[in-house]
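Chemist: Sequence and predicted model, in that order:
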Amino acid sequence: MEQKNSISMQGFNLQLFDTDVQISTQDSLSAEIKEFYKTRLIDNAEPNLVHDQFGDEYDIPNGTGSTIEYRKFSALEKATEPLVEGVTKAGNKLSVSKITGEVHQYGDYIKSSDIIQMTAVDPIVVQKTKLLGSQAGRTLDTITREVLNSGFNVLYAPKADGTEVTSRANLTDDCRLTPDVIFRCQAQLEAMNAELIQGSYVAIIHPYAAYDLMRYKEEWVNVMQYAKPENYFRGEIGMIGNVRFVKSSEAKIWTGDGCPTGKAVFSTLVLGAHAYAKTKLANGGLKHIVKPLGYNDELDRISSVGWKATKGADILSDEFIIRIESLSKYSATAKAN
């Protein structure tokens, strides 16, 4: 059974968006029809929001612009000097760095000459909503994915003989994901004191990269072998060490410039808690828009169904995101996404 919450992201919901997805029409729809369309939009957007589920959520209040400033406080040094009786110790000072983020608006719509039924559930609107919901989820997930893959903390999968690789272009066919690479990421996050997400670190992995990793039967633990298999993230497939894996076909793939000739390179993101933020304008969540025939057409020929949303994503702690780049058995045929 999947569980849902917001920041901790056990499972995940459409927390990028307002709880009440808005529906805008020129003619009013009944509450029941609005709820029906809203549910269809969420049902088709939600499964695609893989990269959002482990980010901290922030709202920008209405009327304050489209930017947000995050404050990052540096850890204090150890206080190893003994206190001296009668002497007041000089206090410490906070070291604060600032990160500025910005939200943008995204959306799309489908036009047609169909007459939209405003007094009952319209099958044409349902079909369009299904397609648009999927598009909205994949679009907004990609916004976050591209930000996460822009970090500087990269580990290139080594060659089979252990030889280290220092660039994407130098990856070879034997540079595959292995348990050792995962344990290295875990050790690195632990050394940086990265907090755990629901008791572990989390990796977002493409099915083709997962294929290589799941073949290590001694180290790989399938999700259904967990002591409490009901407490899994949506898309979770298993774990190695203390890293849990969430599979998504939307995990980043590169081809072409900077890649080995004729080969696709796969990204696997290994994350600690509070590594990144997802931001939206307050009351600016996913909006479902239904326009009846003639809404912008003097001859009453055009109707439309669409969506729009505000969205931003920003890295808060680069050291808590490790991007593994590797090849796979499928590198010769996989396409960039």
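Modeler: Cool, got the structure. Note that the structure is predicted; figures quoted are calculated from it, not measured.

Chemist: Please tell me the pLDDT value assigned to residue 23.
Modeler: With respect to pLDDT, residue 23 has a value of 51.

Chemist: what stretches of this protein score poorly on pLDDT?
Modeler: 1-30, 32-35, 38, 42, 45-48, 63-64, 114-121, 229-230, 281-284 (pLDDT under 70).

Chemist: mind listing the helices for it?
Modeler: 31-45, 123-148, 179-191, 207-214 (DSSP state H).

Chemist: who does the longest one touch, helix- and strand-wise?
Modeler: Translated: helix 123-148. For helix 123-148, the elements it packs on are helix 31-45, strand 104-112, strand 276-281, strand 287-291, strand 303-315, judged by 3 or more CB pairs under 8 Å, 6 or more residues apart in numbering; DSSP states H and E. For glycine as for every other residue, the C-beta is placed from the backbone atoms N, C-alpha and C.

Chemist: and what of the third one?
Modeler: Here helix 179-191 touches strand 154-156, strand 201-205, strand 236-240, strand 243-247, strand 265-271, strand 321-326, going by 3+ CB pairs under 8 Å, 6+ apart.

Chemist: coming back round to it: out of the helices of the chain, flag the one nearest residue 55.
Modeler: helix 123-148 (6.9 Å; CB to CB).

Chemist: May I see the buried residues of the closest one?
Modeler: Buried residues in helix 123-148, defined by neighbour count with 16 or more other CB atoms under 10 Å: 125, 128-129, 132-145, 147-148.

Chemist: From the chain's centroid, how far away is it?
Modeler: 13 Å (CA atoms, centre = their mean, to the nearest Å).

Chemist: ok, now stretch 76-93?
Modeler: Centroid separation between stretch 76-93 and its chain, computed with CA atoms, centre = their mean, is 43 Å.

Chemist: Can you give me the end-to-end span of it?
Modeler: Stretch 76-93 has an end-to-end distance of 8 Å (criterion: CA to CA, to the nearest Å).

Chemist: Also stretch 260-274?
Modeler: Stretch 260-274: ends 33 Å apart by CA to CA.

Chemist: which parts of it are buried?
Modeler: The neighbour-count check on stretch 260-274 (16+ other CB under 10 Å) flags 260, 263-274 as buried.

Chemist: Nearest to residue 238 among those residues?
Modeler: residue 268 (13.4 Å).

Chemist: Format the helices of the chain as CSV; extra columns: distance to residue 79.
Modeler: Putting these into CSV (distance: least, CB to CB, whole Å) gives the following:
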stretch, distance to residue 79
helix 31-45, 49
helix 123-148, 35
helix 179-191, 22
helix 207-214, 43
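
Chemist: Which of the ones you listed sits closest to residue 305?
Modeler: The nearest among the helices of the chain, by CB to CB, is helix 123-148 at 4.1 Å.

Chemist: Run a quick neighbour tally on residue 318.
Modeler: 13 (other CB atoms under 10 Å).

Chemist: Find the residue closest to it in space, skipping its chain neighbours.
Modeler: residue 151 (4.9 Å; CB to CB, 6 or more residues apart in numbering).

Chemist: Report how many residues lie close to the one you found.
Modeler: 18.

Chemist: thinking it is in contact with residue 315, fair?
Modeler: Yes: counting by CB atoms under 8 Å, residue 151 touches residue 315, with 5.7 Å between them.

Chemist: Can you get me the start-to-end distance on stretch 309-325?
Modeler: End-to-end for stretch 309-325, by CA to CA: 31 Å.

Chemist: Enumerate the positions of stretch 233-247 that are buried.
Modeler: So stretch 233-247, judged by 16+ other CB under 10 Å, has buried residues 233-240, 243-247.

Chemist: Let's have the residues you listed in JSON lines, adding distance to residue 49.
Modeler: Output for the buried residues of stretch 233-247, formatted as JSON lines (distance: CB to CB, whole Å):
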{"residue": "233", "distance to residue 49": "12"}
{"residue": "234", "distance to residue 49": "9"}
{"residue": "235", "distance to residue 49": "10"}
{"residue": "236", "distance to residue 49": "14"}
{"residue": "237", "distance to residue 49": "17"}
{"residue": "238", "distance to residue 49": "21"}
{"residue": "239", "distance to residue 49": "21"}
{"residue": "240", "distance to residue 49": "24"}
{"residue": "243", "distance to residue 49": "21"}
{"residue": "244", "distance to residue 49": "17"}
{"residue": "245", "distance to residue 49": "17"}
{"residue": "246", "distance to residue 49": "11"}
{"residue": "247", "distance to residue 49": "14"}
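
Chemist: out of the helices and strands packed on helix 123-148, which comes closest to residue 202?
Modeler: So among these, strand 276-281 is nearest, using CB to CB, at 12.0 Å.

Chemist: can you list contacts of the closest one?
Modeler: For strand 276-281, the external contacting residues (CB atoms under 8 Å, 6 or more residues apart in numbering) are 15-17, 52, 54-60, 62, 66, 68, 70, 101, 103, 144, 147-148, 309-317, 321.
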